[in-house]
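J.: Got a predicted model here, sequence first, then my questions.
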Amino acid sequence: MRLPNILNQLNDAVFLIDPGEGRIADANPKACAMLGYSRDEFMSARDSAINPDEIQKLHEFIDSVNIDGAGWTDELRCLTKLGDVLATEISASMIMIDEKLCMVAIARPVYQGRDYIRHIEVQRNLAIEEERNRMSREIHDTLAQSLTLMVLKLDLIGEAIVTDSASVRAELKSVQLLATKCVEDARRSIWGLITQELESLGLVESIRIEMDRLKDINIMGEFWVSGAQEIAMDLRHQLAALRIVQESLSNIINHSNAKTGTVYLDFDVEFLSITIVDDGDGFEPRAARGISPAGGGFGITSMRERTRQIGGTVNIQSALGQGTTVEVRIPNRSDDSNIDAAS
């Protein structure tokens with residue numbers, strides 16, 4: 001048995017475990033680097049070699065994953081080839097490979113995870129503070145002044161409405177232009193607020209943070225990334241991708257009654273493919289007629305329109321009692337500079 005190629009490309013340590021034989025069937029390069037073993041050494045070792053002091057806990061975790069289909073723990077430690085003890089957090093799922101049921105486990109050193117979360121939180125707090133200051137300046141310099149002028153003009157219209165109809169029409173036209181300017185200023189401010197986080201953290205990390213919403217209400221969340229993440233992608237296309245994932249996760253949380261939710265990102269030189277899967281109640285797509293896949297506020301029509309405007313596609317598969325799968329394909333770049341489609 002071998003790990004699928006997509007899992008070999010992950011930046012997290014991934015193990016393929018044969019629960020029946022109690023051995024590691026495969027490990028990706030990150031797992032080999034983390035514990036200091038070669039792939040061949042992993043394949044010839046039993047699972048007890050990796051957790052010699054906690055073998056009972058490991059077997060209990062494997063058994064629970066076998067029963068539930070998925071699981072997570074931060075109570076296991078791994079022993080490196082050099083003898084160092086490494087505290088880890090592990091998420092695992094049962095999958096079929098070569099017609100055999102296996103466990104795929106993703107392990108991450110706990111100290112890295114905590115430092116990483118702390119680093120992300122500091123970055124996010126700084127970004128929020130910067131945005132507060134920027135929004136305050138923009139509101140004062142644009143919206144506040146324009147709205148004040150509109151109020152003054154409406155007062156003048158009220159005084160002239162009986163005696164000077166031509167003047168009233170001219171002032172109303174002026175107020176209309178000011179209102180249009182306010183809308184444009186608001187759009188620019190909102191666009192800047194949303195894209196600040198994307199520019200600071202990037203699409204992958206922004207989505208990783210969104211996945212924590214599932215964990216907060218005890219839904220098992222899995223996040224898989226493959227392909228060339230360093231390829232440049234238009235900011236408004238990243239924003240469209242983030243919006244679709246956010247709304248899909250909201251539907252999973254609020255309406256699906258799901259136990260697990262999974263997001264896959266697959267980058268290539270031309271397109272980003274997003275797959276969002278849950279094991280919840282599902283729905284009948286033909287009956288939805290613009291209602292969200294889970295019955296919420298993000299309509300199928302709206303999702304299709306958002307991706308169509310940036311040259312992408314959406315495919316939604318669902319059935320009652322069988323969960324929902326949303327597949328989105330978004331081009332990395334386009335010549336259209338209009339930002340309204342993603343805002």
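T.: Everything's here; your move.
J.: chain center to stretch 254-269, what's the gap?
T.: Mean C-alpha position of stretch 254-269 versus that of the full chain (CA atoms, centre = their mean, to the nearest Å) differs by 8 Å.
J.: typed the wrong thing, it's stretch 17-31
T.: The chain centroid and the centroid of stretch 17-31 are separated by 28 Å under CA atoms, centre = their mean.
J.: Could you do stretch 71-78 as well?
T.: Distance of stretch 71-78 from the chain centroid (CA atoms, centre = their mean) equals 24 Å.
J.: just stretch 75-95 next, same as before
T.: Chain-centre distance of stretch 75-95: 25 Å, with CA atoms, centre = their mean.
J.: same thing with stretch 252-259?
T.: That offset, for stretch 252-259, works out to 16 Å (CA atoms, centre = their mean).
J.: What residues sit buried inside it?
T.: Buried residues in stretch 252-259, counting neighbours by 16 or more other CB atoms under 10 Å, are found at 252-253, 255-256, 258. For the C-beta atoms, the positions are set from N, CA and C on the backbone; glycine is no exception.
J.: need the contact list for residue 38.
T.: residue 32 (CB atoms under 8 Å, 6 or more residues apart in numbering).
J.: Got the phi and psi for it?
T.: Backbone torsions for residue 38, taken as degrees, to the nearest 10, come to phi -80, psi 170.
J.: measure it to residue 157 for me?
T.: Using CB to CB, to the nearest Å, we find residue 38 at a distance of 81 Å from residue 157.
J.: same check, this time on residue 321
T.: The value you get for residue 321 to residue 157, if CB to CB is used, is 60 Å.
J.: out of the two, which sits in the busier spot?
T.: Higher neighbour count among residue 321 and residue 157: residue 157, with 18 against 10, using other CB atoms under 10 Å.
J.: mean confidence score for the strand or helix carrying the more buried one?
T.: Per DSSP states H and E, residue 157 falls inside helix 144-160. Averaged over helix 144-160, pLDDT sits at 67.
J.: List the contacts of residue 172.
T.: residue 157.
J.: Longest strand in this structure, by number of residues?
T.: Counting residues, the longest strand found in the chain (DSSP state E) is strand 85-97.
J.: Please name every helix or strand in contact with it.
T.: Helices and strands touching strand 85-97, by 3 or more CB pairs under 8 Å, 6 or more residues apart in numbering; DSSP states H and E, are helix 55-68, strand 70-79, strand 100-109, helix 110-138, strand 220-227.
J.: Dump the third one to PDB, keeping only the CA atoms.
T.: The reference is to strand 100-109. C-alpha atoms of strand 100-109 as PDB (Å, rounded to 0.1, in the frame of the first residue of the first chain):
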ATOM      1  CA  LYS A 100      -8.200  -2.200   1.800                       C
ATOM      2  CA  LEU A 101      -9.400   0.000   4.700                       C
ATOM      3  CA  CYS A 102      -6.500   1.900   6.100                       C
ATOM      4  CA  MET A 103      -5.900   4.800   8.500                       C
ATOM      5  CA  VAL A 104      -4.300   8.000   7.300                       C
ATOM      6  CA  ALA A 105      -2.900  10.000  10.200                       C
ATOM      7  CA  ILE A 106      -1.500  13.600  10.100                       C
ATOM      8  CA  ALA A 107       0.900  14.400  12.900                       C
ATOM      9  CA  ARG A 108       2.100  17.800  13.800                       C
ATOM     10  CA  PRO A 109       4.500  18.700  16.700                       C
END
